[in-house]
Each structure stands twice: as C-alpha cells, then as structure tokens.
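[1] Sequence and predicted structure below; questions after.
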Amino acid sequence: PPSGATETAVLSGGGFWGMQGVFEHVKGVKQVLAGYAGGQAMTAHYEMVSTGATGHAESIKVVFDPAQVSYGQILRIFFSVATDPTQVGGQYPDEGSQYRSEIWYASDAQKIVAARYIAQLDAARAFRQPIATRVDPLTGFFPAEGYHQDYLVHHPDSPYIATYDAPKVAALKRVFPQSYVAAPVLTVASR
C-alpha cells in the first residue's frame, strides 16, 4: 500500500465498549470509533438502538495502516479475542440483535477475505459450533454518542468492563503479543 494509506473495517460483536477497547491496542490501528451499523441515520441513537428494533448493531469503525496490520489480521483478532463468533442473538450477557456478530464489508475484496476466512475456520472446526457471524455490505456507519467513546479507558473499574471487556484486552496481549501496544489509540472526542 502507498505510504500513509489507510483502510477501514467495520465490525459488530457485542457491546462496542469492549470491541473498541481491544482494537485501540492493536499495532497499526490509527482510530477506533464506537457506533452503529445496519440501520438508518435517524435511528442511530443509543436509546433507539437499545430496543433492538432499528436494524442497527453496536459496531466499531477501525481505521488502520495496511502496511502494519492487514484486514485479515484485523479479522483474526476479531474472531480470536474480541467476540464469540458462534453466539446467536447477542454476546455474553447482552442479548438482542443489536449485539450480533457481523462483518460489514466496504469492498468486494473485504467480502471475499471475510467469507473465505469464515469458511476456513468452519472447515478447520476452530470452534465447537458453526460460526454465526454475518457478512453484509456496509450501508453506513454512524458514530455513537461521545460518552460511549473510549468507555473502557475511562471506566476501568466498572463491574461490566472488569468482567467482560478488560479480559478481551488481556487476551489480545497474551494471544497476539506482536500486535499489542500498551498505550491505546483514543478517539478525538475523548482526548
């Protein structure tokens, strides 16, 4: 890729706090925004998305340097430590379609990489159950409200964060030490 070029991945896998927290610690990631994907702009508000009736899923937008981390590596981290790709109807204690596992592709190349990676994982029986993660075209990403950005960093002692999200960051450090950076890349909104 040309010097200074970036790519973007949009992923859903449960609550966006933990997903954002993981990818803020990945080498080569330039920005991670918590937000919503899958629905319309007018319904991209936390209170509405929380009903599960908007079509949105809590999502993250990951802007990364492909010279440092590939889209495939982003997906590898996603499937390995950021989400349970076999869980249907939510993630961990969070239930509802707004917490589903989904990859939102922005190009045919991303669609092919995601579909092939899922097929490889299923063929290898990498998980005890089939992968439930959906792969759909990105129709829009809408940043979440400011108080959701970098939530894990700002609320490390929250019981929810300590129980469900901080272990994901610890798993990233343990499973992918070469990809882990200690200082998180924070959003502009929270600096």
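    Yep, it's here.
[2] quick one: low-confidence ranges for the chain?
    Scanning the chain for pLDDT under 70 picks out 1-3, 188-191.
[3] Show me where it has its strands.
    All strands of the chain, identified by DSSP state E, fall at 7-13, 29-37, 57-64, 90-91, 94-95, 101-105, 134-137, 141-143.
[4] so how far is the longest helix along the chain off the chain centroid?
    What stands out as the longest helix in the chain, according to DSSP state H, is helix 108-123. With CA atoms, centre = their mean, to the nearest Å as the basis, helix 108-123 stands 16 Å off its chain's centre.
[5] ok, Leu172 to His25 distance?
    Leu172 sits 6 Å away from His25, taking CB to CB, to the nearest Å as the criterion. All C-beta spots, glycine's among them, are computed from the backbone N, C-alpha and C.
[6] what do the two both touch?
    Residues touching both Leu172 and His25 by CB atoms under 8 Å, 6 or more residues apart in numbering: Tyr180.
[7] wait, Tyr46 sits on Glu145?
    Yes - Tyr46 lies in contact with Glu145 (CB atoms under 8 Å); the separation is 5.8 Å.
[8] Looking at the two, which one has more neighbours?
    Tyr46 (16 against 13; other CB atoms under 10 Å).
[9] rewinding a little: go through the longest helix of the chain and flag the buried ones.
    Gln110, Lys111, Val113, Ala114, Tyr117, Ile118, Leu121 (16 or more other CB atoms under 10 Å).
[10] Could you find the closest non-adjacent residue to Ala41?
    In space, and not counting its chain neighbours, Ala41 is closest to Phe142: 5.9 Å by CB to CB, 6 or more residues apart in numbering.
[11] go on, Ala106?
    Nearest one to Ala106, counting by CB to CB, 6+ apart, is Leu138 at 4.9 Å.
[12] what do you get for His148?
    Nearest residue to His148, sequence neighbours excluded (CB to CB, 6+ apart): Ala34, at 4.7 Å.
[13] And for Glu58?
    Going by CB to CB, 6+ apart, Glu58 has Phe16 as its nearest residue, at 4.2 Å.
[14] thought the one you found was touching Ala57?
    No - with contact defined as CB under 8 Å, Phe16 does not count as touching Ala57 (9.0 Å).
[15] Run a quick neighbour tally on Val32.
    28.
[16] who's in contact with it?
    Taking CB under 8 Å, 6+ apart, we find Val32 in contact with Gln20, Phe23, Glu24, Ile60, Lys61, Val62, Val63, Val185, Thr187.
[17] closest one to Thr83 among the strands of the chain?
    strand 7-13 (2.9 Å; CB to CB).
[18] before we move on, the earlier item: distance-wise, check the residue nearest to Glu58 relative to Gln91.
    11 Å.
[19] what about the two, which has more around it?
    Phe16 (28 against 24).
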